[in-house]
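Undergrad: test case, fold it:
(2 chains)
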Number of protein chains: 2
Amino acid sequence: MPNYTLYYFNGRGRAEILRMMFAAAAVKYMDKRFEFNEWDKYRKDMPCMCVPVLEMDGGMRMPETMAIARYLAREYGFYPKNSMDMMRCDYIADCFYEIMHDYMRYYHWKNGRFRFGKDGMMGSDMGGNDCNYDNYMQWRYMNTFNRVMPFMERTLSMRNGGSNFFMGDQMMWCDMMCYCCMENPMMENQSMFSNYPKLMSLYKRVSAHPKISTYLKSRSNTNW
Amino acid sequence: MPNYTLYYFNGRGRAEILRMMFAAAAVKYMDKRFEFNEWDKYRKDMPCMCVPVLEMDGGMRMPETMAIARYLAREYGFYPKNSMDMMRCDYIADCFYEIMHDYMRYYHWKNGRFRFGKDGMMGSDMGGNDCNYDNYMQWRYMNTFNRVMPFMERTLSMRNGGSNFFMGDQMMWCDMMCYCCMENPMMENQSMFSNYPKLMSLYKRVSAHPKISTYLKSRSNTNW
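TA: Have a look, this model is predicted:
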């Protein structure tokens, strides 16, 4: 079994699905976290200047959250076995990732971390321009949320009436994606979820999973 | 073998990877296309109010481009066999999809199709606001392009010196994703690719694949 190092900011964000899978599988790994002001130091050594990145023994570094997640899900038994069920699990995970993707862009923008500047990647906001990009970012996130969530509530109901997990009796990686996607929005505004009682129950069910609940109690406490 | 119907706009866009896989596998399907002004008619019947959607015999409709792509890739032999290679193929495909995602948002915005309005999904631009969202959308796309492409050029070089396909001798779905992602940017500004000669060769190699070249000659001619 290879030794893994996971590189990410000191936050849950896109990396938390990977940390949760390691926890649920009881696999040890190096959880390498850094602050935003250290990013310049790490950035150029990451495959496509992005994190999370998973590094293996040999030093090989793999990018792309969802590709890493799929790999860990295969390795640790969080993927269904047949091709149709795999597709179902995939689109559920992708649906939640769509929300997370737009949420993360909104969240970091709002907090001034990644800004549109003349000189590229990070820079100051466009000087002298009254653009309220925050509004756009928030609209984008809310639009995706409102488009995806009703479908996820219906999809959950289709197996065991929605009283277990998305794929049935077993917790799969799509259930953990649901948890990770809902976590920050739940802290910010729980009323957004009042139309999605089955998803709220699933959220609690995932957090009550023996390995996950132990992990949640012991993990670093961060705002995002 | 099920009968498939693919729903999408009358464009290549996010659906083209699916059409290319059907073509490369010589599988017949119903290619259901509609215009933007017909979208309201279709929207509510799509799983999460988004296309592409794949419908099977029984009427079951599956969303999420990349989940559908992975399913077709498994069914038609465009996925590598071992888990490490699957991850590699996944992150390559995801990298190109990142570019495509930001390109599509930029392209449709520029062409006035999806606009940020007070009343939600589609509407007029924010009245009286001088925001140049086009600039933001273009910056976002170019930023992703410039971040991902050098890594893809290096990744391609790692097998057979980059003279075949991403995974080696066989064309896989990540190669077709590369093609689909590059197609519009290539038409618009070929000079963007001058630093990526191996990717440009791969682009030509995919288009010269016997089944793909036949498909490319016979498909509908659209701007995107």
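Undergrad: contacts, neighbours, all on C-alpha from now
TA: Noted.
Undergrad: what's the following helix or strand after the longest helix along chain A?
TA: Taking DSSP state H as the assignment, the helix of chain A that covers the most residues is helix A:83-110. Downstream of helix A:83-110, the next assigned helix or strand under DSSP states H and E is helix A:133-157.
Undergrad: picking that back up, return the set of buried residues in the longest helix of chain A.
TA: Going by neighbour count (16 or more other C-alpha atoms under 10 Å in any protein chain shown), the buried part of helix A:83-110 is A:86-107, A:109-110.
Undergrad: show me where pLDDT drops low in chain A?
TA: Applying pLDDT under 70 to chain A flags residues A:114-132.
Undergrad: run through the residues of it sitting next to chain B.
TA: A:47-49, A:62-64, A:66-68, A:70-71, A:74-75, A:83-84, A:86-88, A:90-91, A:94-95, A:116, A:120-121, A:129-132, A:136, A:139, A:143, A:147-148, A:150-151 (C-alpha under 8 Å from any C-alpha of the partner chain).
Undergrad: got a PyMOL select line for the buried ones in these?
TA: The PyMOL command for the buried members of the residues of chain A next to chain B (criterion: 16+ other C-alpha under 10 Å) is given here:
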select buried, chain A and resi 47+48+49+62+63+64+66+67+68+70+71+74+86+87+88+90+91+94+95+116+131+136+139+147+148+151
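Undergrad: pull out the buried positions in stretch A:45-63.
TA: A:46-56, A:61-63.
Undergrad: among those residues, which ones are in strands?
TA: Counting by DSSP state E, the buried residues of stretch A:45-63 place A:V53, A:L54, A:E55, A:M56, A:R61, A:M62 in strands.
Undergrad: let me have those residues in CSV, adding distance to B:P210 as columns.
TA: Formatted as CSV, these follow (distance: C-alpha to C-alpha, whole Å):
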residue, distance to B:P210
A:V53, 37
A:L54, 37
A:E55, 38
A:M56, 38
A:R61, 35
A:M62, 32
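Undergrad: need the max-distance pair from those residues.
TA: A:V53 and A:M56 (10.0 Å; C-alpha to C-alpha).
Undergrad: next one: A:F34 from chain B, what distance?
TA: 20 Å (C-alpha to the nearest C-alpha, to the nearest Å).
Undergrad: likewise for A:R205?
TA: A:R205 sits 24 Å away from chain B, going by C-alpha to the nearest C-alpha.
Undergrad: what is the neighbour count of that residue?
TA: Neighbours of A:R205 under the rule other C-alpha atoms under 10 Å in any protein chain shown: 18.
Undergrad: tell me the SS of it?
TA: helix (DSSP: H, G, I helix; E, B strand; the rest coil).
Undergrad: now swap in A:K28 and tell me
TA: Strictly by three-state DSSP, A:K28 counts as coil.
Undergrad: ok, now which ones touch the closest residue to A:N3 other than its chain neighbours?
TA: Using C-alpha to C-alpha, 6 or more residues apart in numbering or on different chains and skipping residues adjacent in sequence, the residue nearest A:N3 is A:D57, 5.2 Å away. Contact partners of A:D57, counting by C-alpha atoms under 8 Å, 6 or more residues apart in numbering or on different chains, are A:P2, A:N3, A:Y4.
Undergrad: can you select the buried ones from those in ChimeraX?
TA: The ChimeraX selection below is limited to those of those classed as buried (16+ other C-alpha under 10 Å):
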select /A:4
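Undergrad: between the contacts of A:D57, which is nearest chain B?
TA: For these, the closest approach to chain B (C-alpha to the nearest C-alpha) belongs to A:P2, at 11.7 Å.
Undergrad: per the record, what domains does chain A have?
TA: A:4-76, A:83-209 (automatic domain parsing).
Undergrad: and the longest helix of chain A, how far from the chain's centre?
TA: 7 Å (C-alpha atoms, centre = their mean, to the nearest Å).
Undergrad: so which elements touch that helix?
TA: Identification of packing neighbours for helix A:83-110 by 3 or more C-alpha pairs under 8 Å, 6 or more residues apart in numbering or on different chains; DSSP states H and E yields helix A:133-157, helix A:173-188, helix B:65-76.
Undergrad: nearest to B:C181, of those helices?
TA: B:C181 lies closest to helix B:65-76 among the helices and strands packed on helix A:83-110, at 13.1 Å (C-alpha to C-alpha).
Undergrad: reformat the contacts of A:D57 as CSV; add secondary structure.
TA: Shown next, in CSV, are those (three-state DSSP):
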residue, secondary structure
A:P2, coil
A:N3, coil
A:Y4, strand
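Undergrad: from the contacts of A:D57, pick the one nearest A:F166.
TA: Set against A:F166, the nearest of those by C-alpha to C-alpha is A:Y4 (28.3 Å).
Undergrad: tell me if I'm right that that closest one and A:G59 touch.
TA: No: under the criterion of C-alpha atoms under 8 Å, A:Y4 makes no contact with A:G59, lying 9.4 Å away.
Undergrad: same list, the helices and strands packed on helix A:83-110, but as a markdown table with distance to B:I212 please.
TA: What follows is the helices and strands packed on helix A:83-110, written out as a markdown table (distance: least, C-alpha to C-alpha, whole Å):
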| stretch | distance to B:I212 |
| --- | --- |
| helix A:133-157 | 34 |
| helix A:173-188 | 34 |
| helix B:65-76 | 14 |
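Undergrad: nearest to A:F36, of those?
TA: Closest approach to A:F36 among the helices and strands packed on helix A:83-110 (C-alpha to C-alpha): helix A:173-188, 18.9 Å.
Undergrad: my guess is A:T5 contacts A:P52, does it?
TA: No: if you go by C-alpha under 8 Å, A:T5 and A:P52 don't touch, sitting 10.3 Å apart.
Undergrad: next up, the contacts around the closest residue to A:L6 other than its chain neighbours.
TA: Leaving aside its sequence neighbours, A:L6 sits nearest to A:L54 (C-alpha to C-alpha, 6+ apart; 4.8 Å). Counting by C-alpha under 8 Å, 6+ apart, A:L54 makes contact with A:Y4, A:T5, A:L6, A:Y7, A:R61, A:M62, A:P63, A:I68.
Undergrad: which members of those are the farthest-apart pair?
TA: So, the contacts of A:L54 by C-alpha to C-alpha: farthest apart are A:Y4 and A:P63, at 13.2 Å.
Undergrad: which residues touch stretch A:84-99?
TA: Applying C-alpha under 8 Å, 6+ apart, the external contacts of stretch A:84-99 come out as A:79-80, A:141, A:144-145, A:148, A:152, A:166-167, A:172-175, A:177-178, A:181, B:62-64, B:66-68, B:70-71.
Undergrad: and if you look at stretch A:211-224?
TA: Residues contacting stretch A:211-224 (C-alpha under 8 Å, 6+ apart): A:N10, A:G11, A:R12, A:G13, A:M20, A:A23, A:A24, A:A25, A:A26, A:N184, A:V206, A:S207.
Undergrad: and the gap between A:N195 and chain B?
TA: As judged by C-alpha to the nearest C-alpha, A:N195 and chain B stand 16 Å apart.
Undergrad: actually, A:E183.
TA: 21 Å.
Undergrad: burial measure for that residue, as a count.
TA: Using other C-alpha under 10 Å: A:E183 sits among 17 other residues.
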